[in-house]
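Asker: Just a sequence and a predicted model for now, questions to come.
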Protein chains: 2
Amino acid sequence: MAAASIRDVAQHAGVSVGTVSNVLNRPGEVSAESISRVHRAIEELGYIRNDAARKLRAGVSTTVGFVVLDGQNPFFGDVVRGAEDEASRHGIAVLYGNTDEDLGRQRMYLDLFEEQQVRGVLISPYGDINPRLERLRSRGIAAVLVDRFSGDGRFSSVSVDSVVGGRMAVEHLIETGRRRIAFVGGPFDVRQVTDRLAGARVAVENSTESVEIEVIVTGALTVAEGAAAAARILDRPRRDWPDALFAANDLLALGLLQGLIVAGRMLVPDEIAIIGFDDIAFAAAAAVPLSSMRQPSGVIGRTALRILLEETADPELIPRQTVFQPELVVRASTAPRR
Amino acid sequence: MAAASIRDVAQHAGVSVGTVSNVLNRPGEVSAESISRVHRAIEELGYIRNDAARKLRAGVSTTVGFVVLDGQNPFFGDVVRGAEDEASRHGIAVLYGNTDEDLGRQRMYLDLFEEQQVRGVLISPYGDINPRLERLRSRGIAAVLVDRFSGDGRFSSVSVDSVVGGRMAVEHLIETGRRRIAFVGGPFDVRQVTDRLAGARVAVENSTESVEIEVIVTGALTVAEGAAAAARILDRPRRDWPDALFAANDLLALGLLQGLIVAGRMLVPDEIAIIGFDDIAFAAAAAVPLSSMRQPSGVIGRTALRILLEETADPELIPRQTVFQPELVVRASTAPRR
DNA sequence: AATCGTACCTGAATCGATTCAGTTCCCGTC
DNA sequence: GACGGGAACTGAATCGATTCAGGTACGATT
């Protein structure tokens, strides 16, 4: 049984194909009689519109692409869910692509999405992506940057102020009595990492206390790298330990936490405080509930998708930068020393 | 600048459109000369194939849909990543849809995917989905069930043996000296929940010890529901507490763990042991590292996608059921009482 | 009664890649 | 040199939904 086409529906309903199309796309211009006949025919034949033909002729698309930096990270999972949730409201599907910070994969997905003529692209970018996005734009495909501020304002973006977040995190550590702070994060070509570090430095410089800050570099923002970094810290003579760690994200922070259980003894928070970034769902359920900088992940996804749809509706819109403020969530991992 | 079409490429390269198409799709039938001319033209014009036209005429699609039961759960995140990873190898994109155990959304996504004429559908189904999948099949869209055994063998499936997993989990609890076991899970229209409970019961019945098992029902498989269930347990008089909990998944288990910290005192594992299911990445990093039944999540996704592609290549293939065995991962949360 | 306007409908042209029947050209064979 | 066969190429027909110029019917207006 071949799938029913619009011609079959027209015949079945006793109208022309043009009328069927009008029922589907501008019901205002069709008589009530025709509408109901067509709907009945659609029902009876189990007709489903062929999106390829529709896209080909009308150029409209019911798909948006989302290129994600790190699918392993629940933070991005939450962002995707937010976007997908909003998309489903508009009958739009989300094409999902994970780059794992790999330029080749990023390029591949953008090609794929261009081939698909998606309505638009959400992207948490890696490296310099502007030329590629400009090209997409010249083909009528809008793009919104997610979790990354668009420095030159050429594209809309939805992000969280990582510099402020970094500052707030370290201010909190200082307020709770910490003086030897280590920032744990890397690689430094991820913008969020450098921003959070910059914020941390601001907090240290602004402080009236005498506070030291060092940087412990990791190869990735993962639990495993966090645990490895913890091992490196414990290798030092005790007097060289920092008394607080600010991790560039919660995955690192959880890894650090895991690594700071020494011979059954939990060093957190009495010896060493830890604060993470993102406030993923598992931060609260950690060995020692983890203080973190909360990002409104679902809202970020929804907002990005909404802006994308607005821009595709009106390509003349001026790009706008939406910046959310992170929120400090204090839990046990940064309790003051007893 | 309108996007270049195959006609522009043909003109630019001085060949016919048919030849360009052949270069792209069956380069074996074209002379080396033509191939290089066409490739140069493609390069110079920045030509990208119009997938809509391609799909319309040839019926081939470079997209598969993945309908996920619970996007919040990192387990599914890992499965999606596995599938996406395999898909990217074949130049295929994954359309992602989250149902949150909602029949309406499930239907919406299947409609959307049918409209898109995806190459095939991966689905972790909710409720009775067979009729809908049969219809997709009659339209040439294959489907593979993920994380759910296809009882009647009408579709291929990739799953983990939840009954065996449930049995192994509870056998482990019994072996480590537990006798009053509670299964925590729900709702019961999720197949995995009933299977895991069934396995648990088998373990109890087979045991030579005198073991009791009770069922604590939750409304969802989430951290919050786990914490709530823990609160209900602690409300009972102490002598009525179970001495071990088998949670239907790790999210519940993490919630239970969180809830079983009473006035700073950790009841796990000395008073109450906990074992979860899925072995998500955060199980190991929990307050008390969580024992769990590991599912090979990435492999499940990859395998499902590979089977889907094989089936779309040869629709006559007989559906096959791939069942992985879960693996017991013992951590601190089920250590024997001291 | 003629004219106009409005509401509704029709059906052919169109989008761009693929496909396939048909053409051209060249080489080998008898 | 006539013929067959294969390699390479051409270009029109095709997929199905949308669009739009044109057509019909009917009531209102003069």
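Answerer: Cool, got the structure. Since we're looking at a predicted model, the values are computed, not measured. Numbering: from 1, shown residues only, chains lettered A, B, ... in the order given.
Asker: Isn't A:L112 up against B:A93?
Answerer: Yes: with contact defined as Cβ atoms under 8 Å, A:L112 counts as touching B:A93 (4.9 Å). The C-beta positions use only the backbone N, C-alpha and C, and glycine is treated the same way.
Asker: higher neighbour count, the two?
Answerer: Neighbour comparison, A:L112 and B:A93: the larger count goes to B:A93, with 28 against 23 (by other Cβ atoms under 10 Å in any protein chain shown).
Asker: Verify the stated contact: the more buried one with A:G97.
Answerer: Yes: the pair B:A93 and A:G97 qualifies as a contact (Cβ under 8 Å) at a distance of 6.5 Å.
Asker: Which neighbours do A:L112 and B:A93 have in common?
Answerer: Listed as contacting both A:L112 and B:A93 by Cβ atoms under 8 Å, 6 or more residues apart in numbering or on different chains are A:65, A:95, A:97, B:62.
Asker: Distance check, the last one against B:I307.
Answerer: Yep, that's B:T62 we're talking about. According to Cβ to Cβ, to the nearest Å, B:T62 stands 18 Å off from B:I307.
Asker: Now stretch A:48-64: buried residues?
Answerer: Of all the residues in stretch A:48-64, those buried under the rule 16 or more other Cβ atoms under 10 Å in any protein chain shown are A:48-56, A:61-64.
Asker: Can you tell me which of those residues lies closest to B:N206?
Answerer: For the buried residues of stretch A:48-64, the residue nearest B:N206 by Cβ to Cβ is A:I48; the value is 49.7 Å.
Asker: Next, give phi and psi for that closest one.
Answerer: phi -130, psi 130 (degrees, to the nearest 10).
Asker: How about it: what's its closest non-neighbour residue?
Answerer: Using Cβ to Cβ, 6 or more residues apart in numbering or on different chains and skipping the chain neighbours, the partner closest in space to A:I48 is B:E114 (5.1 Å).
Asker: Measure how buried the one you found is and give me the count.
Answerer: Applying other Cβ under 10 Å, I find that B:E114 has 22 neighbouring residues.
Asker: before we move on, back to that, list residues touching both of B:A93 and A:G97?
Answerer: By Cβ under 8 Å, 6+ apart, B:A93 and A:G97 have these common neighbours: A:65, A:109, A:112-113.
Asker: Now name the helix or strand holding the residue in the stretch 101-250 of chain A that DNA strand D sits nearest to.
Answerer: Ranked by Cβ to the nearest atom of the strand, the top residue of the stretch 101-250 of chain A for proximity to DNA strand D is A:Q117, at 13.2 Å. Using DSSP states H and E, A:Q117 falls within no helix or strand.
Asker: Residues contacting the helix or strand hosting A:R201, please?
Answerer: Per DSSP H and E: A:R201 is located in helix A:191-206. Under the contact criterion Cβ under 8 Å, 6+ apart, helix A:191-206 has outside partners A:147-148, A:162-171, A:174, A:181, A:183, A:185-188, A:211-213, A:215, A:221, A:246, A:248-249, A:277.
Asker: Would you mind listing the buried residues in the next helix or strand after that helix?
Answerer: Next helix or strand after helix A:191-206 toward the C-terminus (DSSP H and E): strand A:212-217. Residues A:213, A:216 are the ones in strand A:212-217 that count as buried (16+ other Cβ under 10 Å).
Asker: Strand A:212-217 versus helix A:191-206: what angle between them?
Answerer: Angle, strand A:212-217 to helix A:191-206, by axes from the mean of the first three to the mean of the last three Cα atoms, to 10 degrees: 170 degrees.
Asker: can you give me the mean pLDDT across the strand or helix carrying A:I35?
Answerer: Secondary structure from DSSP H and E places A:I35 in helix A:32-45. Mean per-residue pLDDT for helix A:32-45: 93.
Asker: swap in stretch A:123-140?
Answerer: Averaged over stretch A:123-140, pLDDT sits at 90.
Asker: Would it count as contacting chain B?
Answerer: Yes: Stretch A:123-140 lies within reach of chain B by Cβ under 8 Å from any Cβ of the partner chain, at A:135, A:138-139.
Asker: Now do the contacts for A:G82.
Answerer: Contact analysis of A:G82 by Cβ under 8 Å, 6+ apart lists A:297-302, A:305.
Asker: Thanks again, I'm all set now.
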